[in-house]
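**Q** sequence first, predicted model second:
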Amino acid sequence: MTVLNARYAAVSAVTSYKPIEKPLNFTETPSKELFGKNVFNNAVMKARLPKAVYKSVQRTIRNGDLLDATVADAVATAMKDWAIEKGATHYAHVFYPLTGATAQKHDSFLSPDGDGGAIAEFSGELLIQGEPDASSFPSGGLRATFEARGYTAWDVTSPAYILENPNGTTLCIPTAYCSWTGEALDKKTPLLRSMQALNKQAQRVLKLFGQENPGVVIPTAGAEQEYFLVDRNFFYSRPDLVVTGRTLFGAPMPKGQEAEANYFGVIPERVLAFMLEAEQELYKLGVPVKTRHNEVAPGQFEVAPVFENANVATDHQHLVMITLQRVAQKYGMACLMHEKPFAGVNGSGKHLNWSLGTSDANLLEPGDTPHENAQFLVFCAAVIRAVHLYSNLLRAAIAHAGNDHRLGANEAPPAIISIFLGEQLTDVFEQLEKGGAKSSKKPGTLKVGVDTLPTLPRHAGDRNRTSPFAFTGNKFEFRAVGSSQSIAGPLVILNTIVAESLDYMASELEAATGGDEKKLNAAVQKLIQKVIKEHKAVIFNGDNYAEAWHKEAAKRGLPNLKNTAEVMSEVGAKANADVLAKYKVLSRREFTSRNEIYTEKYVSDITTEAYSCLELAKTMILPAAYRYQGELAATSASLQAAGKKGDTRSLDKVSALVSELEDRIEALEGALENEPAGNVLKHAHYFCDTVFPATLAVRESSDALEELVADDLWPLPTYQEMLFIK
């Protein structure tokens with residue numbers, strides 16, 4: 001098939017798209033009846049478990065009590081029967097290794113009965129513990145390749161669920177994953193540890209405020225998911241997208257997002273059909289997705305859930321990514337989760353909304369008079385202190401090759417970690433710093449100027465979309481998280497550093513009051529005054545995109561780690577290792593191993609992109625340029641043979657770019673061949689400073705050729721085609 005036929009056939013296939021399957025009968029079952037249909041949730045457990053077993057499991061889920069292993073057999077039997085009724089033949093322990101992906105080990109319920117038949121079996125022992133091979137997952141030196149034993153452990157706090165497939169269903173059991181030595185090899189184990197640490201320190205603060213039995217303090221999370229959709233005909237015509245998740249080549253479009261017409265625009269019919277089915281599938285799994293809309297860039301969209309327990313929210317976020325990608329295939333599309341699949345076009349993030357509270361109260365709810373809400377001020381000040389002291393850890397939690405393309409690109413927060421508090425809270429803390437807060441700015445009303453429209457309530461402060469860590473009413477929004485990431489890593493760091501800060505606050509207040517409640521208000525005011533004076537440098541309410549802020553941040557001593565190589569050089573600091581070890585979230589060995597794994601992943605990603613770039617440049621782009629160069633040369637020669645002067649300006653431009661591209665291909669090959677010896681951190685800096693720029697140089701020449709070479713010869717679907725043809 002010629003280039004012309006191959007590329008144009010893709011366009012033709014997209015424009016003549018027909019649904020693969022019949023539309024859903026959305027009137028058949030209301031969404032509220034679908035919600036949680038495939039989840040072994042509280043209602044199912046209450047109906048199927050013996051009362052004593054149910055109460056025991058609930059104590060573990062709600063109060064954090066130690067799991068009573070003696071109830072496991074009863075739970076396993078009930079879970080098996082429920083799953084089989086829903087068509088399940090297998091169960092799978094689901095875990096999140098340090099690859100960043102979701103892993104599953106499937107086992108059948110069936111066992112031979114000795115009489116030529118089979119029986120369905122699932123014991124408490126099988127529910128509680130599985131044993132996947134630990135040698136093939138990254139361990140950062142914690143395990144040698146020949147040491148294969150690893151364990152999955154049932155996470156009773158996150159409900160089991162049924163995953164449907166056209167040919168059957170599977171019972172999926174969320175688990176933690178550790179090595180034979182007990183060291184964490186996953187993202188869930190440290191997340192659960194960090195939640196435990198945060199609860200312990202938050203309880204101390206609440207008891208100072210007279211709450212003897214406040215209930216478990218749980219961090220909550222809700223992660224907005226941005227993503228791109230492209231037709232699968234285009235996707236499979238772009239080897240760079242298939243292999244790396246992003247386009248390594250692509251000239252700018254004549255029209256992109258400049259007109260700002262895409263954001264919150266009308267959702268294309270095909271895309272909306274996909275969204276509706278994806279939402280139904282997520283409802284079945286108990287994922288509380290709430291919002292959907294067009295994002296800033298053409299072909300970009302967002303889905304957002306409501307708040308949940310941070311552990312469950314993390315599991316659900318993995319399910320969101322899996323479901324979006326799976327359902328997109330049914331509608332002939334590919335769902336792209338990369339942070340920057342298209343250069344020069346708005347990138348994708350995963351804004352992580354984080355708060356903490358008990359079953360009765362959100363501890364970051366300021367109320368109508370935050371200046372009088374001493375408990376809120378202590379918790380808020382603790383967050384400010386934590387972010388300032390451990391900004392490098394937070395930066396490391398969102399550092400990887402994909403996010404390097406997005407951060408600081410005037411579409412996402414810069415790499416400088418700062419906090420937006422808004423006018424109301426900034427004013428309160430400034431008053432406290434000066435000696436005492438007497439008032440809070442009040443919310444007002446907004447008159448639109450049209451008599452038929454109602455008067456609208458107006459918040460006491462605006463929002464700031466340029467801030468990496470913004471207070472947004474009763475939560476903080478960590479806007480720098482990348483779209484392809486698990487939210488577990490950022491949550492681990494947030495929970496741990498806030499636990500450390502609450503530990504500090506509680507210790508200071510305990511010492512100052514000596515248990516005398518009458519001394520509490522004065523002690524709180526003095527402590528907050530001290531915290532703000534020492535940590536106000538991290539508070540910034542202005543434009544984080546502005547160059548002036550970068551200069552001001554440097555004066556304030558705020559780090560600006562612009563890429564993953566720089567981050568990994570700083571994150572191993574003793575203070576970072578100490579805080580994670582102190583609260584038993586990550587041992588020093590676990591912390592060191594993760595740094596090595598993430599650095600190796602960065603090098604691997606850049607390496608893959610470089611070799612993919614070379615392959616496409618040599619086998620697709622150069623041949624197309626040669627053909628066009630040949631056509632121009634033949635035309636010029638024909639004109640000269642006819643006695644006419646041939647204009648060679650286009651030929652000269654193309655020839656110069658072809659020569660430049662060949663030189664840059666050779667330079668990239670040389671950069672890859674001359675990789676220096678040394679540790680993984682040295683490799684990371686080499687790939688960041690040498691290989692990555694060489695890859696960009698090849699792209700620059702190729703993109704210039706795309707704007708000159710005849711359209712019928714260009715081999716790759718263009719940005720315009722991929723983003724605008726749905």
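**A** Perfect, I can see it now. Numbering: from 1, shown residues only.
**Q** for residue 537, list the residues it contacts.
**A** When contacts are counted by CB atoms under 8 Å, 6 or more residues apart in numbering, residue 537 touches 388, 556, 557, 558. (Glycine included, C-beta is placed from N, CA and C.)
**Q** ok, of those, which come out buried?
**A** 388, 558 (16 or more other CB atoms under 10 Å).
**Q** just curious, which of the contacts of residue 537 is nearest to residue 371?
**A** Of all these, residue 388 has the smallest distance to residue 371: 21.8 Å, by CB to CB.
**Q** low-scoring pLDDT stretches of the stretch 51-200 of the chain, where are they?
**A** Within the stretch 51-200 of the chain, the segments meeting pLDDT under 70 span 133-135, 138, 140-148.
**Q** quick one, strands of it?
**A** Using DSSP state E, counting those that start in this stretch, the strands of the stretch 51-200 of the chain run over 88-95, 103-108, 110-112, 118-120, 129-130, 150-154, 161-165, 168-179.
**Q** quick one: those strands as a markdown table, columns for distance to residue 248 too.
**A** Output for the strands of the stretch 51-200 of the chain, formatted as a markdown table (distance: least, CB to CB, whole Å):
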| stretch | distance to residue 248 |
| --- | --- |
| strand 88-95 | 32 |
| strand 103-108 | 28 |
| strand 110-112 | 47 |
| strand 118-120 | 50 |
| strand 129-130 | 39 |
| strand 150-154 | 35 |
| strand 161-165 | 33 |
| strand 168-179 | 33 |
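**Q** where does the residue most central in space within the chain sit: helix, strand or coil?
**A** The residue lying closest to the centre of the chain (CA atoms, centre = their mean) is residue 485, at 3.3 Å. Classification of residue 485 by DSSP: H, G, I helix; E, B strand; the rest coil places it in coil.
**Q** now do residue 585
**A** coil.
**Q** relative to residue 70, how far out is it?
**A** According to CB to CB, to the nearest Å, residue 585 stands 29 Å off from residue 70.
**Q** and if you look at residue 472?
**A** Residue 472 is 45 Å from residue 70, by CB to CB.
**Q** make sure I have this right: residue 589 is in a strand.
**A** No: per three-state DSSP, residue 589 lies outside any strand segment and is helix.
**Q** circling back: how about the nearest residue to the residue nearest to the centre of the chain, chain neighbours excluded?
**A** residue 350 (6.1 Å; CB to CB, 6 or more residues apart in numbering).
**Q** check residue 205 too.
**A** Residue 205's closest residue in space is residue 506 (CB to CB, 6+ apart), at 5.1 Å.
**Q** and that neighbour, how far from residue 499?
**A** 10 Å.
**Q** give me the common contacts of these two.
**A** Counting by CB under 8 Å, 6+ apart, the residues touching both residue 506 and residue 499 are residue 201.
**Q** more neighbours: which of those two?
**A** Shown here are residue 506 and residue 499; by other CB atoms under 10 Å, residue 499 has more neighbours (26 against 21).
**Q** hang on, the residue nearest to residue 205 packs against residue 208?
**A** Yes: assessed by CB atoms under 8 Å, residue 506 is found in contact with residue 208 at 6.6 Å.
**Q** for residue 531, give its distance to residue 229.
**A** Residue 531 is 45 Å from residue 229, by CB to CB.
**Q** then residue 585?
**A** 37 Å.
**Q** of these two, which one has the most company?
**A** residue 585 (27 against 24).
**Q** for residue 274, see how far away that one is.
**A** In terms of CB to CB, residue 585 sits 38 Å off from residue 274.
**Q** what's the neighbour count on the residue lying closest to residue 432 once chain neighbours are set aside?
**A** Leaving out its chain neighbours, the residue that sits closest to residue 432 by CB to CB, 6+ apart is residue 528, at 5.1 Å. When counting by other CB under 10 Å, one arrives at 24 neighbours for residue 528.
**Q** which other helices and strands contact the helix or strand in which residue 528 is found?
**A** Residue 528 is part of helix 520-535, with elements assigned from DSSP states H and E. On a contact count with 3 or more CB pairs under 8 Å, 6 or more residues apart in numbering; DSSP states H and E, helix 520-535 meets helix 374-389, helix 422-434, helix 488-513.
**Q** got the contact list for residue 240?
**A** Residue 240 makes contact with 246, 247, 248, 249, 612, 613, 616, according to CB under 8 Å, 6+ apart.
**Q** I'd say the third one and residue 700 touch.
**A** Same thing as residue 248. No: Residue 248 lies out of contact with residue 700 (CB under 8 Å); the separation is 11.5 Å.
**Q** which one's more surrounded, the two?
**A** Counted by other CB under 10 Å, residue 248 and residue 700 do not tie: residue 248 has more neighbours, with 25 against 15.
**Q** I'd like to know how far that one sits from residue 696.
**A** With CB to CB as the criterion, residue 248 and residue 696 are 9 Å apart.
**Q** again, but for residue 651
**A** Taken as CB to CB, the span from residue 651 to residue 696 is 27 Å.
**Q** can you check residue 611 too?
**A** In terms of CB to CB, residue 611 sits 15 Å off from residue 696.
**Q** that's a strand at residue 354, yeah?
**A** Yes: applying three-state DSSP, one finds residue 354 inside a strand.
**Q** for the closest residue to residue 655 other than its chain neighbours, what are its contacts?
**A** Of all residues not flanking residue 655 in the chain, residue 629 sits nearest, at 6.1 Å (CB to CB, 6+ apart). Going by CB under 8 Å, 6+ apart, residue 629 touches 651, 654, 655, 658.
**Q** do that again at 10 Å, thanks
**A** Applying CB atoms under 10 Å, 6 or more residues apart in numbering, we find residue 629 in contact with 622, 650, 651, 654, 655, 657, 658, 705, 708, 709.
**Q** how about it, secondary structure?
**A** helix.
**Q** isn't there a strand covering residue 698?
**A** No: with three-state DSSP as the criterion, residue 698 is assigned helix and is not in a strand.
**Q** can you give me the neighbour number for it?
**A** Neighbours around residue 698, by other CB under 10 Å: 28.
**Q** so it sits against residue 621, correct?
**A** Yes: with contact defined as CB atoms under 10 Å, residue 698 reaches residue 621; the gap is 8.9 Å.
**Q** so what's residue 59 closest to, chain neighbours aside?
**A** That would be residue 65: by CB to CB, 6+ apart, it lies 4.3 Å from residue 59.
**Q** phi first, then psi, for that neighbour.
**A** Dihedral pair for residue 65: phi -70, psi 160, per degrees, to the nearest 10.
**Q** any idea how far it is from residue 49?
**A** From residue 65 over to residue 49 (counting by CB to CB), the distance is 16 Å.
**Q** looking at the two, which one has more neighbours?
**A** residue 49 (20 against 13).
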